[in-house]
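Student: I would like to see how this sequence folds:
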Amino acid sequence: MKDCRAAVITAHDQPLEIRRIPIPQLDPGSLLVKIAASTLCGTDVHRWHGPLEGHDSLPIITGHEPCGYVEEIAGERTDILGNPVKRGDRIVWSYVACGSCYYCSVALQPCICRGRASWGHNRSDRPPYLLGSCAEYMYVPPPCLIIKVPDSVSSASAAASACAYRTVMHGFDRLGAIKSHETVVIQGSGPIGTFAAAVARDHGAKKVLVIGAPAARLEVSKKMGADAVVNIDVTDEKERHQWVRDHTDGRGADIVIQAATNMAVPEGLTLLRDGGRYLNIGVGGKANIAVDRLPQEMLLLTVRSGEPRHWLQAIDFLASRNDTFPFEEMISKSYTLDEINDAMQAMASYRVVKAAINF
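Tutor: All right, here's what the predicted structure looks like:
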C-alpha cells in the first residue's frame, strides 16, 4: 500500500478534491490508523473559506476529528492508561505539545504551547502527508497519547470527542462545580453548545437554557438536556435578556457559557448575574466586550482545545452516559468521502449539528 484517498483543500472557497496521498514510512513510536469516521467542525469550514490567521498553506487534508483502527505500529505503544496498544484497536489520540516551553513546563498550560502540533491544517504534499482526518488513513506522531474507544461508543461520536467534546470537558474543568441551585445559560446550539447542555445537566444544574439557531439544532439541544431554548432568528437581544431574567427570578444566570463565537460575548455578559461565572469556549473570532455595565465580582474564564486527559474524559462521558443522552442525534447526517463537498456545505449552512464522513 503506497497511497490512499483523501479530501484536499487546494483553493479556498473552491470544491475539495479527492486526491491520492502517499502513505509515509513510520517513525519509531508512530502509528498508521485506518480511519473509521471523521466528523467535521466549524473550523474546517473556516479553513475552507480562507486561511486562519494567515497560517494555513495549501494543499491540506481537511479534518481534525478522527477515530480509527490501528493498522500499523512502529514499535511498542501503550495508551493513556498504560495499557498495550495493538493492531485492530479502535482509538482517538491527542494533540502534541512541546513539553519544554514556559506554557508546558512552568504555567502547566499545554493548550497554549506555541509549538503545539494539531491536525487538519498541515500540507499534504510534505511528509508525513496524512495529518488530516478526511482520509482513508492517518499518521499518528509518536508523542500523541492514545485513548481506546469502548464498544458502546460509535466511531462518529468518538471522532467528535477529538475536538468539540474534549473542549467542553476542558471548559467544565475550569468552571468547577455546578451547584444544584444554579442556572446555566448556553450561547450556541452547535456541537459545543449542545454537548455542553448535556454536561451541565449531568453536573447537576437546576436549569439549563440554550440560545441558538436554527430550530432543528435547538430541538437536539432539548433532547440533550436543555430545559428551555430560544431562537436567535426570531428574537432580539432585549427579548433574550428578558427571557433569561424570567427564568432566574430577575437575577440573571449563575453561569453563562459562550459556545458560538466571540461576537456573542457582549450579550452573554448582560445575561450573567452579579457574582456569576462566564465561560468562553473556543474563543473564535473577534470580540468587542464594551458593555454598559459589567456584572459585579464576575469570574471570566476562557478555554481552547484540551489536554490529553480531556480526550479521555469525553470518551468516558460518552460511554457512561449512553443511556441518558441520545448522543447519536448529534451526528445529524453521514456522508462518504466522495460527498465531502456536500458535507462541508451542510456544516457551513448550519443544516446539521455535526456531519460525519464514514469509511
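
Student: now His241, what's its secondary structure?
Tutor: The three-state label given to His241 by DSSP: H, G, I helix; E, B strand; the rest coil is helix.

Student: Show the contacting residues for it.
Tutor: Glu267, Thr270, Leu271 (Cβ atoms under 8 Å, 6 or more residues apart in numbering). C-beta: built from backbone N, CA, C; applies to glycine.

Student: got CSV for these, with pLDDT too?
Tutor: Shown next, in CSV, are those (pLDDT from 0 to 100):
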residue, pLDDT
Glu267, 95
Thr270, 94
Leu271, 97
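
Student: Which member of the residues you listed is positioned nearest Ala260?
Tutor: Nearest to Ala260 out of these is Glu267 (Cβ to Cβ; 10.2 Å).

Student: Tell me how far the closest one lies from Asp249.
Tutor: Relative to Asp249, Glu267 is positioned 20 Å away (Cβ to Cβ, to the nearest Å).

Student: Check Ala356 too.
Tutor: Noted for Ala356: a distance of 41 Å to Asp249, by Cβ to Cβ.

Student: Just want to know which of these two has more residues nearby.
Tutor: Counted by other Cβ atoms under 10 Å, Ala356 and Asp249 do not tie: Ala356 has more neighbours, with 25 against 9.

Student: hang on, the more buried one in a strand?
Tutor: Yes - under three-state DSSP, Ala356 sits within a strand.

Student: quick one: it from Cys134, how far?
Tutor: Separation of Ala356 from Cys134 (Cβ to Cβ) stands at 11 Å.

Student: which residues are in contact with both of the two?
Tutor: The contact lists of Ala356 and Cys134 share Ser38, Leu40, where a contact means Cβ under 8 Å, 6+ apart.

Student: What helices and strands are in contact with the helix or strand of the chain with the lowest mean pLDDT?
Tutor: Using mean pLDDT, DSSP states H and E, helix 42-49 stands out as the lowest-scoring helix or strand of the chain, at a mean of 91. Judged by 3 or more Cβ pairs under 8 Å, 6 or more residues apart in numbering; DSSP states H and E, helix 42-49 is in contact with helix 340-348.

Student: what pLDDT, on average, does the helix it packs on get?
Tutor: Helix 340-348 comes out with an average pLDDT of 96.

Student: now the least confident helix or strand of the chain against helix 340-348, angle please.
Tutor: Relative orientation of helix 42-49 and helix 340-348, computed by axes from the mean of the first three to the mean of the last three Cα atoms, to 10 degrees: 120 degrees.

Student: contacts for helix 42-49?
Tutor: Helix 42-49 is contacted from outside by 9, 12-13, 16, 52, 56, 60, 62-64, 120-121, 163, 190, 284, 344, 347-348, using Cβ under 8 Å, 6+ apart.

Student: quick one: contacts of the helix or strand encompassing Gly276?
Tutor: Gly276 is part of strand 272-281, with elements assigned from DSSP states H and E. Residues outside strand 272-281 that contact it (Cβ under 8 Å, 6+ apart) are 167-168, 171, 174-176, 192, 196, 248, 251-259, 262, 265, 268-269, 295-303.

Student: So what are the sheet partners of the helix or strand following that strand and their directions?
Tutor: Using DSSP H and E, the next helix or strand after strand 272-281 towards the C-terminus is strand 299-303. Strands that pair with strand 299-303, judged by DSSP bridges, come out as strand 272-281 (parallel).

Student: which residues of this structure fall in helices?
Tutor: Taking DSSP state H, the helices of the chain run over residues 42-49, 102-105, 155-160, 166-175, 191-202, 215-223, 237-247, 265-270, 308-320, 340-348.

Student: how far does the shortest one sit from the chain's center?
Tutor: With Cα atoms, centre = their mean, to the nearest Å as the basis, the distance from the averaged C-alpha position of helix 102-105 to the chain average is 23 Å.

Student: contacting residues around the residue nearest to Ala264 when sequence neighbours are not counted?
Tutor: Nearest non-adjacent residue to Ala264, counting by Cβ to Cβ, 6 or more residues apart in numbering: Gln187, 4.6 Å away. Shown in contact with Gln187 (Cβ under 8 Å, 6+ apart): Gly193, Ile211, Gly212, Val256, Ile257, Gln258, Ala259, Ala260, Ala264, Glu267, Gly268.

Student: any chance of the helices of the chain in a markdown table, plus distance to Lys86?
Tutor: Below are the helices of the chain laid out as a markdown table (distance: least, Cβ to Cβ, whole Å):
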| stretch | distance to Lys86 |
| --- | --- |
| helix 42-49 | 31 |
| helix 102-105 | 30 |
| helix 155-160 | 18 |
| helix 166-175 | 24 |
| helix 191-202 | 30 |
| helix 215-223 | 36 |
| helix 237-247 | 51 |
| helix 265-270 | 46 |
| helix 308-320 | 18 |
| helix 340-348 | 31 |
